[in-house]
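S.K.: Here's a sequence, model it:
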Amino acid sequence: MDFEMQKASMWKRISAFLFDLIMLGTVAVLFAWALSALTGYDGYSRTVRESYAHYSEIYGVDLGMTRAEYEALSEEDAQKVLAGFEAMNQDKQALHANQMMMELSVLIVSLAIFLAYLVMEFLLPLRLGTGQTLGKKIFSIGLMKTDGTKVRAVHLFIRTFLGKYAIETMVPVLILLMIYWGTIGIVGPAVILMILILDLALMLFTRTRSMIHDLLAGTVVIDAPSQRIFDTPEDRAAYVAKLAAEQAAREPY
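M.R.: This is a model prediction of the structure:
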C-alpha cells in the first residue's frame, strides 16, 4: 500500500449511504417520539383536531379538506368554510394550540434530526475511527483528509453539522414543512432540486468524488483496506522521502 488516494467504489458508497440513512431515520424517529412526549405536542395536536371537528360540525362542512376540494365547492359551501375558519381564528384555545403545534413541529423535527446526526454521524465515527459510520464500517470504506491525513473531530464536526445537517438535510426539510403549510411557492422545490443536482454533479465529476459536506470539511471517502492514512502531514512527507530514497537506491547509475 502507498499513500495514493484509493477512492471508495460507487456501489460501496451507495450501499453504505442507504444503510446509514435507514439507521439515521430510525434514531431520529425515536428522538422525535421522546421529544413529542416531553413537549406535550400530542396534547396540542388533539386540541386542533377537536377544534376542526367541532367547527366542521357547526358549519356543516369539512374544514380539513384539501385546496383542490375547496376549489370544487359551491359558492355557498365555500362561504361556510371561510366562516368556519373565521370562527376558529376567534377561538383562542384552538389558535394557541395550532400555533404551538407549528412551532413544536419545527423544533421536534430539527432537534430529532440533529441528535440523530450527533450520535450516528459524529460520536459513533469518532469512536470507530477513520470517520466510519456503521454503514462505512460494514462496507469497508472510511474517511481521510484530502492531504492523506486522518480526520480529526473538527473536520468531522464541519462535515456532519454544517454540510450534512444544515445544508443537505435541514434546508430541504424546512422547505418541505413550508410547502406542507402552504407558506412557500415554486422557490422551495427549486432550491431542493439545486442542492440535489449540485451534490450529484460533485460526486460524479470531481476528482475526489466529494459531495458538499466533504468539500466543506476537506475530506474524501476512501477504500479503508487499501488506503494508507497518515497521522500528520509531516508523517506523509517523511514517507514520501523514504519511497524516493528507496527508488533511487534501486535505480542503476
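S.K.: Now do the residue nearest in space to the middle of the chain, the pLDDT please.
M.R.: When Cα atoms, centre = their mean is applied to the chain, the residue found nearest the centroid is Thr169 (2.9 Å). Listed pLDDT for Thr169 reads 94.
S.K.: Grab the nearest non-local neighbour of it.
M.R.: Ile113 (6.1 Å; Cβ to Cβ, 6 or more residues apart in numbering). C-beta here means a position set from N, CA and C on the backbone, and glycine is covered the same way.
S.K.: for the one you found, what are its contacts?
M.R.: 28, 165, 169-170, 173 (Cβ atoms under 8 Å, 6 or more residues apart in numbering).
S.K.: mind listing the strands for the stretch 51-200 of the chain?
M.R.: 141-145 (DSSP state E, counting those that start in this stretch).
S.K.: what ranges of it fall below the confidence cut-off?
M.R.: Along the stretch 51-200 of the chain, the model assigns pLDDT under 70 to no residue.
S.K.: For Leu104, see how far away the residue nearest to Thr169 is.
M.R.: For Ile113, the distance to Leu104 (Cβ to Cβ, to the nearest Å) stands at 15 Å.
S.K.: Check Asp42 too.
M.R.: Asp42 sits 10 Å away from Leu104, going by Cβ to Cβ.
S.K.: tell me, what's touching the two both at once?
M.R.: In contact with both Asp42 and Leu104: Ser36, using Cβ under 8 Å, 6+ apart.
S.K.: neighbour count winner among these two?
M.R.: Neighbour count, other Cβ atoms under 10 Å: between Asp42 and Leu104, Leu104 has more, with 17 against 11.
S.K.: Which residues are in contact with the nearest residue to that one once chain neighbours are set aside?
M.R.: Among residues not flanking Leu104 along the chain, Tyr41 sits closest, at 4.8 Å (Cβ to Cβ, 6+ apart). By Cβ under 8 Å, 6+ apart, Tyr41 lies in contact with 35, 101, 104-105, 108.
S.K.: Of the residues you listed, which is the nearest to Ile197?
M.R.: When the contacts of Tyr41 are compared for distance to Ile197 (Cβ to Cβ), Ser105 comes out closest, at 27.9 Å.
S.K.: Which residue, other than its chain neighbours, is closest to the closest one?
M.R.: Distance criterion Cβ to Cβ, 6+ apart; nearest residue to Ser105, sequence neighbours excluded, is Leu177 at 6.7 Å.
S.K.: who's in contact with that neighbour?
M.R.: Under the criterion of Cβ under 8 Å, 6+ apart, the neighbours of Leu177 are 105-106, 109.
S.K.: Mind checking which of those land in helices?
M.R.: 105-106, 109 (DSSP state H).
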